[in-house]
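A.B. asks: Would you be able to build a 3D model of this:
(one chain, ligands or ions: 2)
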Amino acid sequence: MLAYTYVEKGRFELREKPVPCIETSHDALVRVTLSSICTSDLHIKHGSVPRAVPGITVGHEMVGVVEQVGEEVTSVKPGDRVAVNVETFCGECFFCRHGYVNNCEDPDGGWALGCRIDGGQAEYVRVPHANQGLSRIPDGVTDEQALFVGDILATGFWATRISEITPDDTVLIIGAGPTGICTLLCVRWKRPRRIIVCEKSEERARFVREHYPDVWVVHPDECKEAVLAHSAHGGADVVMEVAGTDDTFRLAWECARPNAIVTVVALYDAPQILPLPEMYGKNLTFKTGGVDGCDCDEILRLIAGGEIDTTPLITHRFPLGEIEEAYRIFENRLDGVIKIAIEGPK
Ligand SMILES: [Zn+2]
Ligand SMILES: [Zn+2]
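C.D. replies: Ligands and ions are numbered 1, 2, ... in the order given. From the prediction side, this is the model:
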């Protein structure tokens, strides 16, 4: 089968590999119908994910059809259409039992697919701990609608959940890349009083204005002034930092009102400064980290009910055989790209 492979730093290649086999009783084999390219794939390519193992098949955002299951897999059966979770988790350890699946203690726990074990930019993928890692896609939800459920939409949903948003809140979201927009969609579902999105790129700002006219979009240069002028208590009630650029961490806490929650979803390239003397008395609550992707069934229900629709994010489609070109467009942000759907062989 074709599998897009991490060869060495700076080089991915479409290679011929054997179809994976069931290795343990809790594995499932999934035929990938659609996959996508994530910024984290580029981090692997650029050598900034030291855990990534050369030779593995990349890709951790995908949906497909179950082909085969190990004997302990009970949540799905061959023929089921499924969304694959970016995180592998056992469901039994201390962290899993508390819903903190990102820190699952299993050797395969956390982000394994497409990083430490073979992922889904391929014709088939082996999914360990399939009872936890696969969610059946409801009838009436298309593969394209479900494509982001296991990764960037799970991230937006988790970020929204831990941000404790109420109907009275003004919520500031910094960054309108793919994960920022997924976060926006989940925040909109919570229907807070006002949502402000801060985005530097004119193209992405236009995308948000066109698709979500209820949202107020500001440029980083005017963000602090605008947020402070338009919030009742000296800043946003909730700030969600999804940009991860040099000055967005500072912007996030500066735009927060006293006693606000600041949720940091972004992954930074460099350490950030937490100037506690400047913040003293503001009594902020910071929440940070990587997605606990354990809400995929609920997200699929929201999609089925028409509450969340990520299909406008799919701006390009390519067959797996042309994934090289898809990467070129995604990596260089050409042609207004937001997300690309890679189609498996029919
Ligand atoms: Zn990702
Ligand atoms: Zn676990």
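A.B. asks: Run through the bridge partners of residue 314.
C.D. replies: residue 339 (DSSP bridges).
A.B. asks: Now do it: how many residues are near it, please.
C.D. replies: 18 (other C-beta atoms under 10 Å). For every residue, glycine as well, the C-beta is placed using N, CA and C.
A.B. asks: ok, now residue 234?
C.D. replies: The burial count for residue 234: 12, using other C-beta under 10 Å.
A.B. asks: The one 4 residues further on too?
C.D. replies: Summarising burial for residue 238: neighbours were counted as other C-beta under 10 Å, giving 25.
A.B. asks: Residue 340 now?
C.D. replies: Neighbours of residue 340 using other C-beta under 10 Å come to 20.
A.B. asks: List the contacts of it.
C.D. replies: By C-beta atoms under 8 Å, 6 or more residues apart in numbering, the contact set of residue 340 is 36-37, 314-318, 326, 329-330.
A.B. asks: A strand includes residue 341, no?
C.D. replies: Yes. With DSSP: H, G, I helix; E, B strand; the rest coil as the criterion, residue 341 is part of a strand.
A.B. asks: can you redo the contacts of residue 340 as CSV with secondary structure and pLDDT?
C.D. replies: What follows is these, written out as CSV (DSSP: H, G, I helix; E, B strand; the rest coil; pLDDT from 0 to 100):
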residue, secondary structure, pLDDT
36, strand, 98
37, coil, 98
314, strand, 98
315, strand, 97
316, strand, 98
317, strand, 98
318, strand, 98
326, helix, 98
329, helix, 98
330, helix, 97
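A.B. asks: Only whichever of those are buried, select them in PyMOL.
C.D. replies: Buried subset of the contacts of residue 340, written as a PyMOL selection, criterion 16 or more other C-beta atoms under 10 Å:
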select buried, resi 36+37+314+316+318+326+329+330
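A.B. asks: What is the nearest of the contacts of residue 340 to residue 285?
C.D. replies: Within those, the smallest distance to residue 285 is 32.6 Å, found for residue 36 (C-beta to C-beta).
A.B. asks: Would you map the helices across the protein?
C.D. replies: 39-45, 94-97, 130-133, 143-146, 152-162, 178-189, 202-211, 220-229, 248-254, 276-279, 296-304, 323-331 (DSSP state H).
A.B. asks: Is ligand 2 within reach of the second one?
C.D. replies: This points to helix 94-97. Yes. Using C-beta under 5 Å from the ion, we find that helix 94-97 touches ligand 2 at residue 96.
A.B. asks: How many residues are close by the nearest residue to residue 75 once chain neighbours are set aside?
C.D. replies: Leaving out its chain neighbours, the residue that sits closest to residue 75 by C-beta to C-beta, 6 or more residues apart in numbering is residue 131, at 4.5 Å. Residue 131: 17 surrounding residues under other C-beta under 10 Å.
A.B. asks: is it true that residue 131 touches residue 72?
C.D. replies: Yes. With contact defined as C-beta atoms under 8 Å, residue 131 counts as touching residue 72 (7.5 Å).
A.B. asks: shared neighbours of the two, anything?
C.D. replies: Joint contacts of residue 131 and residue 72 (C-beta under 8 Å, 6+ apart) are residue 26.
A.B. asks: Help me see whether stretch 321-336 makes contact with ligand 1, please.
C.D. replies: No. Between stretch 321-336 and ligand 1, judged by C-beta under 5 Å from the ion, nothing touches; the nearest distance is 12.1 Å.
A.B. asks: Please report the distance of residue 98 from residue 294.
C.D. replies: From residue 98 across to residue 294, the span is 10 Å (C-beta to C-beta, to the nearest Å).
A.B. asks: Compare neighbour counts for the two and give me the winner.
C.D. replies: residue 294 (22 against 11).
A.B. asks: Can you name the residues that contact that one?
C.D. replies: Neighbours of residue 294 in contact, by C-beta under 8 Å, 6+ apart: 89, 99, 101, 132.
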